[in-house]
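J.: sharing a sequence plus its predicted fold:
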Amino acid sequence: MKVIPTKLKDCIIIEPTVFGDDRGFFMEIFQETRYAETANIKLKFVQDNRSKSQKNVLRGLHFQKHKPQGKLVSVTDGEVFDVAVDLRSDSETFGQWEAVILSGENKRQFWVPPGFAHGFCVLSESADFQYKCTDYYDPNDESGLLWNDPEIGIEWPIKKPLLSDKDSVQPLLSDIKEKIKSGWKDNG
């Protein structure tokens with residue numbers, strides 16, 4: 001497999017080795033030893049998730065406050081613009097973002113370590129999205145950032161996304177920056 005660094009430390013793009021012929025293809029989507037040695041992903045995965053969304057759906061930017069999840073994300077069918085935002089308070093790239101196109105065709109994976117907000121928008125007619133998580137989802141611990149926060153400045157490839165009610169009213173980074181930097185010790 002090939003590991004491609006990004007501008008955000010520890011956030012990487014992975015191109016798995018794909019064996020294919022006229023009958024189809026085979027690939028490993030995760031192998032613990034190889035991913036630890038080659039991609040430096042040494043955390044244990046405890047939950048796998050899958051979603052399907054239609055064109056122009058934007059999900060995110062989501063994160064958990066006290067139990068951050070690392071996510072190994074990929075698309076099995078369709079195409080998405082996948083985004084990570086660094087929320088690690090001690091990071092040189094705090095508040096910066098990285099994006100990658102993930103598709104069933106390119107078979108790329110995106111490693112989004114704990115301490116990042118994550119989101120994606122669907123570019124194809126629909127997309128099947130899957131991800132492995134390093135911690136369990138806890139609805140009482142979830143939070144998010146507004147998808148079009150001007151301080152972050154994500155260059156989304158769609159102008160009028162289809163959003164959930166929750167995602168349309170997420171806070172701006174400036175509104176929660178001090179809570180993030182304090183480790184959410186005050187007010188939640």
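T.: Good, I have the coordinates.
J.: any idea how many residues pack against F19?
T.: Close neighbours of F19, defined as other CB atoms under 10 Å, add up to 9. (C-beta placed from N, C-alpha, C; glycine too.)
J.: actually C11, not the one I wrote
T.: 22.
J.: also D48?
T.: D48: 12 neighbours (other CB under 10 Å).
J.: give the contact list for the residue lying closest to it once chain neighbours are set aside.
T.: Nearest residue to D48, sequence neighbours excluded (CB to CB, 6 or more residues apart in numbering): K132, at 5.4 Å. Going by CB atoms under 8 Å, 6 or more residues apart in numbering, K132 touches F30, F45, Q47, D48, K71, L72.
J.: mind listing the strands the helix or strand that contains K132 pairs with, and their directions?
T.: Taking DSSP states H and E as the criterion, K132 maps to strand 126-133. Next to strand 126-133 in the sheet, as set by DSSP bridges, lie strand 47-54 (antiparallel), strand 71-77 (antiparallel).
J.: so is the closest residue to K42 other than its chain neighbours in a helix, a strand, or just coil?
T.: Residue nearest to K42 in three dimensions, not counting chain neighbours: A36, with 4.8 Å by CB to CB, 6+ apart. A36 falls in the helix class when you classify it by DSSP: H, G, I helix; E, B strand; the rest coil.
J.: ok, E28 touching P16?
T.: Yes - using CB atoms under 8 Å, E28 is in contact with P16, at 6.4 Å.
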